[in-house]
Each structure stands twice: as C-alpha cells, then as structure tokens.
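> here is the input, now give the coordinates:
(chains A, B, C and D)
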Protein chains: 2
Amino acid sequence: MRPTKRDELVGKALKTFYAHGFHATGMDRLVEETGISKTSMYKHFRSKEDLILAALRLRDAQFRDWLFHRMAALGKTPREQLVGLFDALAEWFAEPGFRGCMFVKAASEYQEAQDPIHAQAAAHKALLFEHLHGLASEAGARDPGLLARQLLILKEGAIVTAQIEGRPEAAAEAKAAAACLLDAALAH
Amino acid sequence: MRPTKRDELVGKALKTFYAHGFHATGMDRLVEETGISKTSMYKHFRSKEDLILAALRLRDAQFRDWLFHRMAALGKTPREQLVGLFDALAEWFAEPGFRGCMFVKAASEYQEAQDPIHAQAAAHKALLFEHLHGLASEAGARDPGLLARQLLILKEGAIVTAQIEGRPEAAAEAKAAAACLLDAALAH
DNA sequence: GATAAAGTGAACAGATCGGTAAACTTTGTC
DNA sequence: GACAAAGTTTACCGATCTGTTCACTTTATC
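Sure, this is the predicted structure:
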C-alpha cells in the first residue's frame, strides 16, 4: 500500500493549514498547492471540516510520535524524560517552519467546545496528559496528576511565548522552572 | 466628552472578534451586531485591519488595567502581587464569556511576525513582562528577568489550558507552580 | 434657524468562499 | 484487453468577503 492521493492530500493540507490558518486557507488554495483537483478532494472528504479533522488526526499522530520518542531518547529515567520534554521543545522551536501549536490554533479558530475541531484539539491535550501522568507516577511524584498538569502548563506557555514573541529561549526558561517543580515533587 | 460612535464601534467589535475570531467575523456581521452602518465604519477606519488594530489597542488597555489593579488589590508585597496574578486569572477563567487570550488568537490568525496585528500582540506581551519584571526586582529575586519570564510562561500556559480543555483549575495549578518558583528565586 | 459634521440605507462592485455537475482520462486489476 | 475505480478539467452555483458609491437624514453648534 503506497501512499495514496488521499494521504498526500491530508499531508499537504496539514502544512498549509499550519502555515496560514484554517479560515484563511480556502479550498481553491489547496487545489493550487497540492495539485489535486477539487472534485477529488470532495470525493475523499464531504466537507472542509472533515479535511481539517483528518489533518488534525495526522498531526496528533505525528506530534505525539515525535515527542514521545524524543523524550525517551533524551532521558533514561522517568524524571530525565520529563526534563527532556523541554529539550525537545527547544529543538522544535529552532526549526524554520515553527509556528506554534496547531491545536491551540484550531481551538482558537473554532472556539465552541462542542465543535468537533475544538473537541479534537482537547483530545490531543488529554493524550499528552496521559503520557506525562504515567511518567510522573513512575518517577514517584507525590501528586503525579498535578505534576503532569503543571509541566503541561509550562509546555503550552513556552510554545505560545516562543511563537508570539519569537523567543525560542522560552524552552530553556520553562525547563529551568520544570526542574524546580520536579525537585519539589520528587523530594522524599 | 461622551462616548463617541467610534468608541462604541471599537468596543462592540472587540467583543465580536473575541467571541468568534477575526477571519470568521465579517464586516456585515459587525453592522448587524453594532447597529452602526458600514459607511460609518469605513469613515472611521480605512480597513478591517485598522479596526482590528484599534480593538486590540482597547483590549490591551482594558486587560492591563484590570490585571494590574487586581494584582495590587490581592497582595501588598511584590511577592504577594506576583502570586495574586494567578488568583486574578482564576477569577477571569470563571467568567461566563471567557475565551482565552485575545492576543494569542490574534497572533494565531496573523502568523507572520511582520504583520501589524501580530506585532501588536507581541507588544502587549512585552508590556506584561515589563510590569512583572519590576515586581520581581522589588521582591529581590536573584534573576528578576528570568523569574518574570517563567511566571508569564505559567500564565500563558494556564490560559491556553483553561480555554482548550475547559479546565479553570489550571489557574490554581499554575499558582502552586508559581509559589514553588518564588520560593526558590527569593530564598536568601 | 442656518450650517456643517456625522451617520444612515441600499445598492453595487469584484473577488473569494464552500461545494456541485458533467464529461473525460488515467490507473490498477482480473 | 475489458472494466471499474480513481482522478482530471472546466464551468458553475449561491453565498459571503472587503470595500465603495450615492442620495438622504440626523445631530450638534454658533
């Protein structure tokens, strides 16, 4: 099973949505940038919303896969992995195409919590929490749920800061804050 | 000098942009919701972009005014004021119309750093930093710049988290993390 | 009470929006 | 090599987008 046109479409749509936003990207622009006919697009997806949802699913899979593997590579112990989260962020911020978190943008443009697009963004964040919660438990944190949530707050804050202010150093600042939290949560 | 039509327009445009987003809000919708004629709008502002910029200026003034006064009321010492930031956030998150940070949304929809809208969002964040930097200095922090940046990262993360996941508790979680950072930065 | 500023409604550009229709061509499979 | 699936081009639909034009009415001021 080679990559189908459908996969190609979703992949390129993801890039375009990420680079220019959802409302700002029209279907005609996707035709130009992907070289795929509009008729073909609407054979795969009933609506623009469906295409956006597919793009977000792909992004979720790609991002979690990348992040969790990077964290595992950057640290042996659970604690080192949690710190590694912020080293991974630093690598991401340094990439030329970095534009912030796609799910924050999605939830930003589709604000109603009932909206499927917003819901999918929230689901992505929930999956990140699960992973960090597991690591915090393994690390022996006093309150692993709280620690995971606080680390995720630092993560979201660093991403937003890096994007708006163009300050990739936010990753290092968040990392230092995370170390402080870990010291307090893992003291015994 | 009573409130002019212009101020009324900017105020109502601000609410509509905040509730529904920038690209998703057309000028015709603003005509409906404000009751102000389109002709009149374009007499005050040459373009939609100019109106957005005016709305963001108003938001910046309103938000900083509210936040800094709330922080001052919630704490006497500089340290208490910095903690109060997160109590103020909790109050904001509990408001019915809470939709996250307007400037994050603006920078999200207008991603190019050169874009005037994006630049204005960044300017707002810089003003927040200035204020916190001053307080951190007064509090006697070892590295007041770093502390201010870390507290702002917590603030941005809490806002994004509260909005996407609908979890206003993020304010309290960020507050606990901030207390940990303050303990470490102010130890002598 | 005349005058000018400010605001109004309605119609209209020209472009773009999401989405569809019909007729045709490529591609892979048995 | 027949046949179906998948993809193509082209034109089109009605709605909406930002922005303009024009003729008219309200409002405040001296």
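> C-alpha only now, for contacts and for neighbours.
OK.
> neighbours of A:Thr39, how many?
Burial of A:Thr39 is recorded as 10 neighbouring residues (other CA atoms under 10 Å in any protein chain shown).
> which strand or helix spans it?
helix A:38-44 (DSSP states H and E).
> with A:Trp92 instead?
Going by DSSP H and E, A:Trp92 is in helix A:78-94.
> distance from the very next helix or strand once past that helix to the middle of the chain?
Sequence-wise, the next helix or strand downstream of helix A:78-94 (DSSP H and E) is helix A:102-109. With CA atoms, centre = their mean, to the nearest Å as the basis, helix A:102-109 stands 10 Å off its chain's centre.
> kindly report the same for stretch A:54-74.
Worked out by CA atoms, centre = their mean, stretch A:54-74 lies 7 Å from the chain centre.
> cool, and stretch A:142-150?
From the chain centre to the centre of stretch A:142-150 is a distance of 20 Å (CA atoms, centre = their mean).
> still on that earlier bit, for the helix holding A:Trp92, buried residues please.
A:78-90, A:92-93 (16 or more other CA atoms under 10 Å in any protein chain shown).
> how many other residues sit next to the closest residue to chain B within chain A?
Using CA to the nearest CA, the closest approach of chain A to chain B is made by A:Gly157 at 3.7 Å. Applying other CA under 10 Å, we find 27 residues neighbouring A:Gly157.
> who's in contact with the residue nearest to A:Gly157 when sequence neighbours are not counted?
Using CA to CA, 6 or more residues apart in numbering or on different chains and skipping residues adjacent in sequence, the residue nearest A:Gly157 is B:Gly157, 3.7 Å away. Contacts for B:Gly157 (CA atoms under 8 Å, 6 or more residues apart in numbering or on different chains) come out as A:152-158, A:160.
> buried stuff in the biggest helix by length in chain A?
When chain A is parsed with DSSP state H, its longest helix is helix A:48-74. By neighbour count on 16+ other CA under 10 Å, the buried set for helix A:48-74 is A:51-57, A:59-60, A:67-68, A:70-72, A:74.
> now the angle from that helix to helix A:102-109?
Orientation check (axes from the mean of the first three to the mean of the last three CA atoms, to 10 degrees): helix A:48-74 against helix A:102-109 gives 150 degrees.
> which of the three states applies to A:Ala113?
Here A:Ala113 is coil, with the state taken from DSSP: H, G, I helix; E, B strand; the rest coil.
> I figured it was touching A:Ala119, is that so?
Yes - look at A:Ala113 against A:Ala119 with CA atoms under 8 Å: they come within range, at 6.1 Å.
> returning to that earlier point: can you name every helix or strand that the longest helix of chain A contacts?
Contact here means 3 or more CA pairs under 8 Å, 6 or more residues apart in numbering or on different chains; DSSP states H and E; on that basis helix A:48-74 packs against helix A:5-20, helix A:78-94, helix A:102-109, helix A:116-138.
> and the last one, how far from the chain's centre?
Same thing as helix A:116-138. On the basis of CA atoms, centre = their mean, helix A:116-138 sits 10 Å off its chain's mean C-alpha point.
> enumerate the residues of chain A near DNA strand C.
A:23-29, A:38-39, A:42, A:46-49 (CA under 7 Å from any atom of the strand).
> could you dump those residues to CSV with pLDDT?
Below are the residues of chain A next to DNA strand C laid out as CSV (pLDDT from 0 to 100):
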residue, pLDDT
A:His23, 98
A:Ala24, 97
A:Thr25, 97
A:Gly26, 96
A:Met27, 97
A:Asp28, 95
A:Arg29, 96
A:Lys38, 95
A:Thr39, 94
A:Tyr42, 95
A:Arg46, 95
A:Ser47, 96
A:Lys48, 97
A:Glu49, 97
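> relative to B:Glu33, which of those residues is nearest.
Nearest to B:Glu33 among the residues of chain A next to DNA strand C is A:His23, at 20.9 Å by CA to CA.
> any idea which element the residue of chain A closest to chain B lies in?
Per DSSP H and E: helix A:144-165 holds A:Gly157.
> residues of chain A that sit close to chain B?
Contacts of chain A with chain B, taken as CA under 8 Å from any CA of the partner chain, map to A:19-21, A:23-24, A:99, A:104-105, A:107-111, A:113, A:118, A:121-122, A:125, A:146, A:149-150, A:152-158, A:160-161, A:164-166, A:170, A:173-174, A:177, A:180-181, A:184.
> sort out which of those are buried, if you could.
Applying 16+ other CA under 10 Å to the residues of chain A next to chain B flags A:19-21, A:99, A:104-105, A:107-111, A:113, A:118, A:121-122, A:125, A:146, A:149-150, A:152-158, A:160-161, A:164-166, A:170, A:173-174, A:177, A:180-181 as buried.
> who touches stretch A:138-149?
With CA under 8 Å, 6+ apart, stretch A:138-149 has contacts from A:77-79, A:129, A:132-134, A:136-137, A:181-182, A:185-186, B:170, B:173.
> which one in those is the model shakiest on?
The member of the contacts of stretch A:138-149 with the lowest pLDDT is A:Leu186, at 89.
> now the residue nearest to A:His23 when sequence neighbours are not counted: how far from A:Glu33?
Nearest non-adjacent residue to A:His23, counting by CA to CA, 6+ apart: B:His23, 6.2 Å away. Separation of B:His23 from A:Glu33 (CA to CA, to the nearest Å) stands at 21 Å.
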